[in-house]
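> return atomic coordinates for the entry below.
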Amino acid sequence: MQEIRLQAVGEHSLELPAGLWYWRMASLDDRGERRLWGRSHSLLVRPLPAAPAPAEVRTEAGQAHLAWLPVAGAARYALEVGKGPDLTPVLHRQETADTRVSLVLKPARYFWRVRGLEVDGLAGPWSQASPFVLMPPPPTALEARQQGAELQVHWQGEAAGYRLEVAGDARFSRLLAQVQSSQPAARLTLPGPGTYWLRVIALGDDAVESLPSPALVVEVRRLVPWWLIPMFLLPVGM
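Sure thing, here's the model as predicted:
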């Protein structure tokens, strides 16, 4: 048994090993003599759940799948997703009894953390904030057509922005032009005659980019003025 004498305070904190404890209080008179003890109270001390360790992060098709390892003593888990290592601002909060969640998020860079909750709601420490990136899906159905002195390109996609790249080789090591667009379409001045490779990259928040679309090969031919095109006149009646 341990007896602690305190000044006139309304609360007191101390560290105790895990286990079942009992405590009681008694007041002291002016000479420091203890008066009668009050009623005994029980106190169960148990360690809070440890910080869960992340187990898996998988992103696909606008969703982030987050999983972590279970920890002893946790009846539920609290999850936070936000921007930056300090998760400021927090964009998503939830509690779950499971050890995995799937979230619908827009393409961007994120951080997440999780902690265990006891049955009575007491929370253990947060796990270390872990980053993940949700990329936009790559554009599809890339098409191009020559319209006068312009090359008009369009594709399918649902991103906030796009970058059209034009290269002089299939590996895109020799970029000739880059065009930004907020729509799934772009126009550029018709390049000189030759073979060109086009591809489009979808753009998300925080400078997040998709994988490139499949390349489109475009053949630009030399325009022949109409007055240089041979014309053959046929006699009337033939």
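
> what's the average pLDDT for the one helix or strand residue 80 maps to?
If you go by DSSP states H and E, residue 80 is part of strand 76-82. Averaging pLDDT along strand 76-82 yields 98.

> name the strands paired with it and say parallel or antiparallel.
Note on strand 76-82: by DSSP bridges, its sheet partners are strand 90-96 (antiparallel), strand 108-117 (antiparallel).

> next, format these as TSV and append distance to residue 192.
The way it works is simple: take the backbone N, C-alpha and C, and place the C-beta from them, glycine included. Below are the strands paired with strand 76-82 laid out as TSV (distance: least, C-beta to C-beta, whole Å):
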stretch	distance to residue 192
strand 90-96	48
strand 108-117	39
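
> right, and those - which one's nearest residue 15?
When those are compared by C-beta to C-beta, strand 108-117 sits nearest residue 15, at 20.3 Å.

> from the chain's centroid, how far away is that closest one?
Mean C-alpha position of strand 108-117 versus that of the full chain (C-alpha atoms, centre = their mean, to the nearest Å) differs by 10 Å.

> end to end, how far does stretch 48-63 reach?
End-to-end span of stretch 48-63 (C-alpha to C-alpha, to the nearest Å): 31 Å.

> mind listing what's buried along it?
Buried residues in stretch 48-63, counting neighbours by 16 or more other C-beta atoms under 10 Å, are found at 48-52, 54, 57, 59.

> so residue 21, which state does it fall into?
What DSSP: H, G, I helix; E, B strand; the rest coil gives for residue 21 is strand.

> how much space between the closest residue in space to residue 90 that isn't next to it in sequence and residue 37?
Sequence neighbours aside, residue 82 is the residue nearest to residue 90 in space, at 4.3 Å (criterion: C-beta to C-beta, 6 or more residues apart in numbering). Using C-beta to C-beta, to the nearest Å, we find residue 82 at a distance of 50 Å from residue 37.

> ok, the two, which is more surrounded?
Neighbours per residue, other C-beta atoms under 10 Å: of residue 82 and residue 37, the larger number sits with residue 82, 18 against 10.

> for the more buried one, give its distance to residue 89.
For residue 82, the distance to residue 89 equals 6 Å [C-beta to C-beta].

> ok, now residue 138?
With C-beta to C-beta as the criterion, residue 138 and residue 89 are 29 Å apart.

> and residue 197, by the same measure?
Separation of residue 197 from residue 89 (C-beta to C-beta): 41 Å.

> those two: which is more packed in?
Shown here are residue 197 and residue 89; by other C-beta under 10 Å, residue 197 has more neighbours (19 against 8).

> element containing that one?
Assigned by DSSP H and E, residue 197 falls in strand 194-203.

> check which residues of that strand are buried.
For strand 194-203, by 16+ other C-beta under 10 Å, it's 196-203.

> also stretch 162-173?
For stretch 162-173, by 16+ other C-beta under 10 Å, it's 162-167, 172.

> and of those residues, the nearest to residue 97?
Distance to residue 97 across the buried residues of stretch 162-173 (C-beta to C-beta) is lowest for residue 162, with 41.2 Å.

> excluding its backbone neighbours, what's nearest the closest one?
Residue 162 sits nearest to residue 181 (C-beta to C-beta, 6+ apart), 4.9 Å away.

> that neighbour and residue 161 touch, don't they?
Yes - assessed by C-beta atoms under 8 Å, residue 181 is found in contact with residue 161 at 6.9 Å.
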